[in-house]
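**Q** Sharing a model that was predicted from the sequence below.
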Amino acid sequence: MHVSHLSLHDFRSYPDAEVPLGPGVTAFVGRNGQGKTNLVEAVDYIARMTSHRVAGDAPLVRFGADHAVVRASVVKDGREALLEVQINPGRSNKARVNRSPLPRARELVGLVRTVLFSPEDLALVKGDPSERRRFLDDLLVLRAPRYAGVRSDYDRVLKQRNSLLKTAGVARRQGRSAESALSTLGVWDSHLARTGAGLLAARLTLVEDLRPYVGAAYEAVAEGATRSDAAMSYKPSFELPEGARDRDTLTEALLAQVAVRRDDEVERGVSLVGPHRDDLVLTLGPLPVKGYASHGESWSMALALRLASYDLLRADGDDPILILDDVFAELDTERRERLAELVAGAEQVLVTAAVPDDVPAALAGARVDVVDGKVLPRV
């Protein structure tokens, strides 16, 4: 799978841009602030319908424009398809495939798969649990796009439930009856348990599938390491019943735990049980990476997570597009060369770098210069 042409209209800094691409390695080279990351961000966005740099869509639209358009011609198994998304901040985005509209923009997710490395990846191991939950959910959606709907449903239920908990908590503190909010809350408890169990079951399976790839990837990027050095485990917001993995059992467990924590939740006005409170625990040997690993070890673990994602998606049957966004400038020489050698054989690799020397020799290929916000022809 590879993108053969990228077209942008009012995306980020580009009024318009036409970028021919091909299989193999393409490096976008230019000084910081010239717009090279915007190009690879657009490819990643059309794959995942979210940005690796910002939480919302508004920054993706060029200042003064009311929407942006990203089009990508994608070649898979010798067949070409045109994918298109119109980004409408504050309104529903619109998507098309081969000029035909899709009922929902999120149906575009998964038609092209990307794995993106960036300097922000260090937050996967050093940052808050939300970073690791997002990592799992993004990978989950790429493997099975229907989980985009599951995640959206869960977020909607969680928002409504938190609103009711806050209302009930305020009523209690003011000496008023909270019965109205609490009676309605029972319905949302069931919704939370059902949608949460679906997301939780999928994450548990994903972690099991991903675990051996993480060990192998860490061994590959960290000198002297073995695949048993790096480990990962899923940490739910409460202790699960022994062997619980199926959705029905997890639904019952979530409902029971919600009942146990009801008073605490009303007091604090927030949901304390569910996948939104879970974490992915990463360890090196007996110690957690967060708080104990060196800077180099943390980078190796972050790289291992991305490489493992790539290998898992490949095992599913697709060769994802690899995007290396200014990552080599953050790595020491040893990790730079190891990463380059590991990814050089991918069907398509898109690299951004400030200077040509930042691109390792193992990733020699086509080069696109980005100068003064303009994309120059490939060389």
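**A** Yep, it's here.
**Q** contacts, neighbours, all on C-alpha from now
**A** Fine.
**Q** what packs against the helix or strand containing Ser152?
**A** Element membership for Ser152, per DSSP states H and E: helix 147-173. If you count contacts as 3 or more CA pairs under 8 Å, 6 or more residues apart in numbering; DSSP states H and E, helix 147-173 packs onto helix 129-143, helix 179-221, helix 262-268.
**Q** what inclination does that helix have with respect to helix 129-143?
**A** For helix 147-173 against helix 129-143, the angle by axes from the mean of the first three to the mean of the last three CA atoms, to 10 degrees is 150 degrees.
**Q** follow-up on the earlier one: quick one: the helices and strands packed on helix 147-173 as CSV, columns for mean neighbour count, mean pLDDT and distance to Ala256 too.
**A** Output for the helices and strands packed on helix 147-173, formatted as CSV (neighbours: other CA atoms under 10 Å; pLDDT from 0 to 100; distance: least, CA to CA, whole Å):
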stretch, mean neighbour count, mean pLDDT, distance to Ala256
helix 129-143, 19, 94, 23
helix 179-221, 19, 92, 9
helix 262-268, 17, 92, 10
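**Q** Out of these, which gets nearest to Leu158?
**A** Closest of the helices and strands packed on helix 147-173 to Leu158 is helix 179-221, at 6.7 Å (criterion: CA to CA).
**Q** Quick one: the strands in the stretch 1-150 of the chain, in order.
**A** Using DSSP state E, counting those that start in this stretch, the strands of the stretch 1-150 of the chain run over residues 2-11, 14-20, 24-29, 68-76, 79-87, 94-97, 100-101, 114-117.
**Q** Quick one: closest of those strands to His191.
**A** Nearest of the strands of the stretch 1-150 of the chain to His191, taken as CA to CA: strand 94-97 at 28.1 Å.
**Q** residue nearest the centroid of the protein?
**A** Asp138 (3.6 Å; CA atoms, centre = their mean).
**Q** For that one, which non-adjacent residue is spatially closest?
**A** Among residues not flanking Asp138 along the chain, Arg48 sits closest, at 7.4 Å (CA to CA, 6 or more residues apart in numbering).
**Q** Contacts only, for that neighbour.
**A** By CA atoms under 8 Å, 6 or more residues apart in numbering, the contact list for Arg48 reads 108-110, 113-114, 138, 142.
**Q** What is the most widely separated pair among the residues you listed?
**A** Farthest pair in the contacts of Arg48, by CA to CA: Leu108 and Asp138, 13.8 Å.
**Q** Identify all contacting residues around stretch 289-309.
**A** With CA under 8 Å, 6+ apart, stretch 289-309 has contacts from 115-117, 121-122, 124-126, 139, 210, 213-218, 221-222, 230, 282-284, 331, 335.
**Q** Distance of the closest residue to Ala72 other than its chain neighbours relative to Ile46?
**A** Spatial nearest neighbour of Ala72, excluding adjacent residues (CA to CA, 6+ apart): Leu6 at 4.7 Å. Look at Leu6 and Ile46: by CA to CA, to the nearest Å, they are 10 Å apart.
**Q** next one: Asp128
**A** 26 Å.
**Q** Those two - which one has more neighbours?
**A** Ile46 (27 against 12; other CA atoms under 10 Å).
**Q** Can you name the residues that contact the more buried one?
**A** 70-72, 83-85, 108-109, 112.
**Q** so Asn93 touches Val85, yeah?
**A** Yes: with contact defined as CA atoms under 8 Å, Asn93 and Val85 form a contacting pair (7.1 Å).
**Q** shared neighbours, these two?
**A** Residues touching both Asn93 and Val85 (CA under 8 Å, 6+ apart): Ala105.
**Q** For the two, work out which one has more neighbours and name it.
**A** Each of Asn93 and Val85 has its neighbours counted (other CA under 10 Å); Val85 has more, 23 against 18.
**Q** So Gly345: helix, strand or coil?
**A** coil (DSSP: H, G, I helix; E, B strand; the rest coil).
**Q** Can you give me the neighbour number for it?
**A** Around Gly345 there are 13 other residues, counting by other CA under 10 Å.
**Q** Pro23 too?
**A** For Pro23, the tally of surrounding residues (other CA under 10 Å) stands at 18.
**Q** shouldn't it be in contact with Ala344?
**A** No: using CA under 8 Å, Pro23 is not in contact with Ala344; the gap is 11.4 Å.
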